[in-house]
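Participant: model the following, please.
(2 chains)
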Protein chains: 2
Amino acid sequence: MTDRQKVDALAAMAQLLRRHCVEMTTLAGSGHPTTCLSAADLVAALFFHTLRYDVPNPDNPLNDRFVLSKGHAAPLLYAVWAEAGAIPVERLKTLRRVDSELEGHPTPRFKWAEVATGSLGQGLSIANGMALAAKMDKLPYRVYALLGDGEVAEGGVWEAIAFASYYKLDNLTAIVDVNRLGQSGPTMLQHDLQTYARRFDAFGWHPIPIDGHDLTQILRALDEAKSVKGKPTVILARTLKGKGVSFLEDKEGWHGKPLPKADAEKALAELVLTDEQIVLAHSLRVHPPDGNLPANPQSPVPDPQLPRYELGQQVATREAYGDGLVALGKVNPQIVALDGDVKNSTFSEKFMAAFPERFIECFIAEQNMVGVAVGLATRGKIPFASSFACFLMRAYDFIRMAGIGMANIKLCGSHAGVSIGEDGPSQMGLEDIAAMRAIPRSIVLYPCDAVSTVKLVAEMAKYQGIAYLRTTRPKTPVIYRNEEEFPVGGCKILRSSAEDAVTVVAAGITVHEALKAYEVLANEGIKIRVIDLYSVKPLDEATLIRCALETNRTIVTVEDHYPEGGIGDAVAGAVSKEGIKVHKLAVNDIPRSGKPEELMDMFGISANAIVRTVRQLVGR
Amino acid sequence: MTDRQKVDALAAMAQLLRRHCVEMTTLAGSGHPTTCLSAADLVAALFFHTLRYDVPNPDNPLNDRFVLSKGHAAPLLYAVWAEAGAIPVERLKTLRRVDSELEGHPTPRFKWAEVATGSLGQGLSIANGMALAAKMDKLPYRVYALLGDGEVAEGGVWEAIAFASYYKLDNLTAIVDVNRLGQSGPTMLQHDLQTYARRFDAFGWHPIPIDGHDLTQILRALDEAKSVKGKPTVILARTLKGKGVSFLEDKEGWHGKPLPKADAEKALAELVLTDEQIVLAHSLRVHPPDGNLPANPQSPVPDPQLPRYELGQQVATREAYGDGLVALGKVNPQIVALDGDVKNSTFSEKFMAAFPERFIECFIAEQNMVGVAVGLATRGKIPFASSFACFLMRAYDFIRMAGIGMANIKLCGSHAGVSIGEDGPSQMGLEDIAAMRAIPRSIVLYPCDAVSTVKLVAEMAKYQGIAYLRTTRPKTPVIYRNEEEFPVGGCKILRSSAEDAVTVVAAGITVHEALKAYEVLANEGIKIRVIDLYSVKPLDEATLIRCALETNRTIVTVEDHYPEGGIGDAVAGAVSKEGIKVHKLAVNDIPRSGKPEELMDMFGISANAIVRTVRQLVGR
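Facilitator: Numbers count the residues shown, from 1 in each chain, chains lettered A, B, ... in the order given. A predicted model of the protein is given here:
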């Protein structure tokens, strides 16, 4: 095929993709056709000229990767994969139907999407993770991300841009579809490619501004990107939203609207293709990757030799997190760690010291950190990302999307609760349990000592999905023997007798308060049952119900967290269908700076508070 | 005072501030002295040369504003305000004590802080809001924000940077304390001022790189910033962390560590001040603002004339939100609206059409949007910021900090739940109730029809604090008369009889499902009580308990939200202490694209699902 023929074939393919997008969205009755039309030339060229991909095998580790960051262009994604042979073209008609994997925005239910996108501004971080995995594994694949211009306003994109140049990800190419129009009006920079170029350049990228409808320019830019060394490339493509249809091109008011049937017919009449052009388009193939599959060296991962602790030893659970991670890293080369410039507080620095080549400093940019983790996970890594629990909330929308994308990422939030003390409320994670519980299919773990911490870190690695570990700043005594097991979904009954008046459910730092309260109350002749709810989600409903039924149907929960959505709500939400009474002790107002013990008392989650509550309940 | 004398005086003041910071943190036993030492010269010059501030009256609308974005430099903030006469210098000794307003990171408990900072990367957005308020109100004050270099890695900062230049905020000056060292290691750019300057310049700012310990350069830069027209200025100050103390200067390993007593004594011996210098420092004053207080035109705000609807009329609550906002805007000039490029979906565009000068397009950058709202609120505006519920989660850490800062902001999250249908899970807010409930002192409102929506929008404006409104995409029938009132903390009993077997608690879209279920069950001879829980937080505990006691102690909750932390957990957490049984219906797994009614049925929150559950509970 000559260059001219190739350009003609790609132009025909782009036209074909445009036709699919118009037809699919009109049939579905919703969707974003105009945003697909602007990017059709870019995507046709990328797929049928540049991409190296073993289409039937998306898992082939030699495949280039493509992330559709502008997820609302999903019809274009499905159309191009259909034309590439991934799915029958006929299947495009199922767009947005409840029985179809072709969702309104991509999810991994469509295998070639790999990740969920559609909350804008996240794809480049994911692409960073994929590109970094190639560097780590010395694989030759390249990573492409297609962004909309509107989403470049998202700060997370600039975190990703800074990260990619810092780590010299020259195997990464971003393509920005600068179609000038956002959902509700023009973007900030409209068609000002020069300013985009200056911004990317200042952030250490190689920018290539082009006309995004000129296939010769597109091909040249894509080729150039492959030859740039030491920095990532961005192709800044000036395009028209609705390109190819006269009454849509560069017009406001068409975002997210399918064409009514009559308009669709008019549009298709403009998006003409001769039979010859169709034949030409169909002669295009996605090139498979060069080379053979690397020999798969993955042997079964042996169980880690977890660190051991002495009963009564004072160890902060955040420090045990670092210990546990190192132990996992020794037996599993796929374990990697990420941190947001607090590695000496979260203790991920222990992993960095042991495995510097598997530690990724993400600086103070938690959104990108989580996105990078998602990208790494798509390439088989098991990423553990840590920060203060409250600062992980910075990435909550990324975590939400990771949940929808069923990403296999592990998060550790340290410095949970008022027990951090003097640093004050801005540094206290007090809403993280609520937020992390509300991620579908997540697990939420909250150890109270070093032994349970390292066991739970090992459980996190085994779990396929989003696992969250909450750790505590102050040191706490080891209360478990090293032989104890901590299955996900379990709990530990720490004190129990036939005379227990109440079941006290605690976790993390409050387990120790509950044990102190036990002693005080026992001296008064009041017995309480004490449960360590180390697995907040899933919850050991059966044990909680059984204990409550044995203790006057009464549970007191106590947590270093706000009252909403935390342990108290979780327990009440699970057991109250049995008519069990749940009394919640939690941090009831905005806390402040002070000593940990002062704050725990002031905000009603100390041993004293438990004692007072139990006394009231038993009528003393 | 000659220029030379002024420089000498400011140098002495900086030294004095450094001494305070070392002493305060050593006495407190925790804190971040070295990050204060790097910024002492900048802060001394800013306060005693540039700032125009009526120190005893932080509320004076003519005051310049200062935001300490690098909140961990709180000791420096307290020290400079003490030297400015805001508080007695003696009070500095109370740093981080539980009975002190001098918290580890600033909160508005210290009046001169105005906002809570300490989660890095948020101060510039707040400063944007303050600067924008000055433009709106035609007030001459200027706004200064002091940033750390580490926090410039946060994407939210780049959202703020883009926003400030887009809106030509030439009354805003950012000062970046480029001290090279983050918490756990060097920053990405270390002392590379030129790259910082190129980035800010590309984003439309006027950058001034200086030596941040050279007071002559600092004064010149601060003066220059005041003369720049049409764009904001950033002073990029090269500094040394720990400046002034030989064994701390530019050294790693000292972040967030107070000096042990012996080291503190060594440090103070280096931070010498002659008596003459102390006198000179104490001769400095903060200049009061020029001009007189503007006549306060604030007359009492009349009640808004809310729009009226017909019973049965089909109106989406998101559209009624726009109607309500316009009605408020007509009677209260302080109402402003912000949106993140979805104004035609959230219907904030109605407000824009009515009051274009009070509408702020924030583009797709939700973090900055919330920060701007916080800044506007400090200047007396009542900001309503809207986006899709799920995309507000992008700003969750900003909302968290707004909660700690007791900011008076209003948020509206549209497109809640699977009832949005075909766009799929990335666009569905399914965790927003959990997240927003867990903000201290927030209120969470969730109307089911247009009448309750506009009434609740009016309630939001009256509430002093964070108010969240959840709206629905599809149209729903009006079920309330226009005369109905909807006090915060209330609920509505929609169906009730003496024979009710169960109380069904719904909100928003599920109210209509519950009403359908009522009809089906009534035909089978089963009576249910139906409650519209329009106020999810605070909750009408008394009514819920009373109804449950009248209906076999049984409640069924049904919500278009994940099961964790939503309405079911809220109700269970509130009433289960009475031994009431709560059964939760909620979106139990990752949803998908499909028709709204298909999805509501598939994920178990439809009328059918309610009917099935009630039948089971009554043994049919």
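Participant: how close does the residue of the stretch 101-250 of chain A found nearest chain B sit to residue A:220?
Facilitator: Residue nearest to chain B within the stretch 101-250 of chain A: residue A:155 (2.5 Å; Cβ to the nearest Cβ). C-beta here means a position set from N, CA and C on the backbone, and glycine is covered the same way. Here residue A:155 is placed at a distance of 32 Å from residue A:220 (Cβ to Cβ, to the nearest Å).
Participant: okay, these two: which has more neighbours?
Facilitator: Taking neighbours as other Cβ atoms under 10 Å in any protein chain shown, residue A:155 and residue A:220 compare with residue A:155 leading, 29 against 14.
Participant: for the closest residue to the more buried one other than its chain neighbours, what are its contacts?
Facilitator: Distances taken as Cβ to Cβ, 6 or more residues apart in numbering or on different chains place residue B:155 nearest to residue A:155, at 2.5 Å, with adjacent residues excluded. Taking Cβ atoms under 8 Å, 6 or more residues apart in numbering or on different chains as the criterion, residue B:155 is in contact with A:154, A:155, A:156, A:157, A:158, A:159, A:365, A:367, A:368, B:121, B:367.
Participant: apply 7 Å and report the result again.
Facilitator: Applying Cβ atoms under 7 Å, 6 or more residues apart in numbering or on different chains to residue B:155 gives the contacts A:154, A:155, A:156, A:157, A:158, A:159, A:365, A:367.
Participant: would you list every one of the helices in the stretch 301-450 of chain A?
Facilitator: Secondary structure of the stretch 301-450 of chain A (DSSP state H, counting those that start in this stretch): helices at A:317-331, A:343-346, A:349-354, A:366-378, A:389-392, A:396-404, A:432-437, A:450-462.
Participant: near chain B at all, stretch A:204-220?
Facilitator: No: on the criterion Cβ under 7 Å from any Cβ of the partner chain, stretch A:204-220 is out of touch with chain B, staying 8.0 Å away.
Participant: so which bits of that stretch are buried?
Facilitator: Using 16 or more other Cβ atoms under 10 Å in any protein chain shown as the test for burial, stretch A:204-220 gives A:204-210, A:212-213, A:215, A:217-219.
Participant: now residue A:22: phi and psi?
Facilitator: Main-chain dihedrals, residue A:22, degrees, to the nearest 10: phi -60, psi -50.
Participant: in this structure it contacts residue A:258, no?
Facilitator: No: with contact defined as Cβ atoms under 7 Å, residue A:22 does not count as touching residue A:258 (8.4 Å).
Participant: from residue A:461, how far off is the nearest residue to residue A:482 once chain neighbours are set aside?
Facilitator: Spatial nearest neighbour of residue A:482, chain neighbours left out: residue A:308 (4.5 Å); criterion: Cβ to Cβ, 6+ apart. Separation of residue A:308 from residue A:461 (Cβ to Cβ): 19 Å.
Participant: which of these two has more residues huddled nearby?
Facilitator: It is residue A:461, of residue A:308 and residue A:461, that has more neighbours when counted by other Cβ under 10 Å, with 21 against 14.
Participant: okay, the more buried one: pLDDT?
Facilitator: At residue A:461, the pLDDT value in this model is 98.
Participant: now the one 10 residues further on
Facilitator: Model confidence at residue A:471, expressed as pLDDT, equals 98.
Participant: can you list phi and psi of it for me?
Facilitator: Main-chain dihedrals, residue A:471, degrees, to the nearest 10: phi -120, psi 170.
Participant: now do the contacts for it.
Facilitator: A:317, A:318, A:321, A:412, A:414, A:416, A:453 are the contacts of residue A:471 under Cβ under 7 Å, 6+ apart.
Participant: try 6 Å this time
Facilitator: Contacts for residue A:471 (Cβ atoms under 6 Å, 6 or more residues apart in numbering or on different chains) come out as A:317, A:318, A:321, A:414.
Participant: and the residue nearest to residue A:486 when sequence neighbours are not counted, how many neighbours does it have?
Facilitator: Leaving aside its sequence neighbours, residue A:486 sits nearest to residue A:455 (Cβ to Cβ, 6+ apart; 4.2 Å). Neighbour count for residue A:455, taken as other Cβ under 10 Å: 21.
Participant: would you check that residue A:455 makes contact with residue A:484?
Facilitator: No: with contacts counted by Cβ atoms under 6 Å, residue A:455 stays clear of residue A:484, the gap being 7.3 Å.
Participant: closest point of the stretch 401-550 of chain A to chain B, which residue?
Facilitator: Closest point on the stretch 401-550 of chain A to chain B, by Cβ to the nearest Cβ, is residue A:426, at 3.0 Å.
Participant: at the contact with chain B, which residues of the stretch 151-300 of chain A appear?
Facilitator: A:151, A:153-156, A:158-159, A:166, A:182-184, A:188, A:198-199, A:202 (Cβ under 6 Å from any Cβ of the partner chain).
Participant: in those, find the pair that's most separated.
Facilitator: Comparing all pairs in these by Cβ to Cβ, the longest separation belongs to A:166 and A:184, at 33.8 Å.
Participant: if you count what's nearby, which of those two comes out ahead?
Facilitator: Counted by other Cβ under 10 Å, residue A:166 and residue A:184 do not tie: residue A:184 has more neighbours, with 23 against 16.
Participant: is the more buried one in a helix, a strand, or coil?
Facilitator: Of the three states, residue A:184 takes coil under DSSP: H, G, I helix; E, B strand; the rest coil.
Participant: next: residue A:583.
Facilitator: Here residue A:583 is strand, with the state taken from three-state DSSP.
Participant: count the neighbours of it for me.
Facilitator: Using other Cβ under 10 Å, residue A:583 has 19 other residues around it.
Participant: what of the one 4 residues further on?
Facilitator: Burial of residue A:587, expressed as a neighbour count using other Cβ under 10 Å, amounts to 25.
Participant: no more questions from me, cheers.
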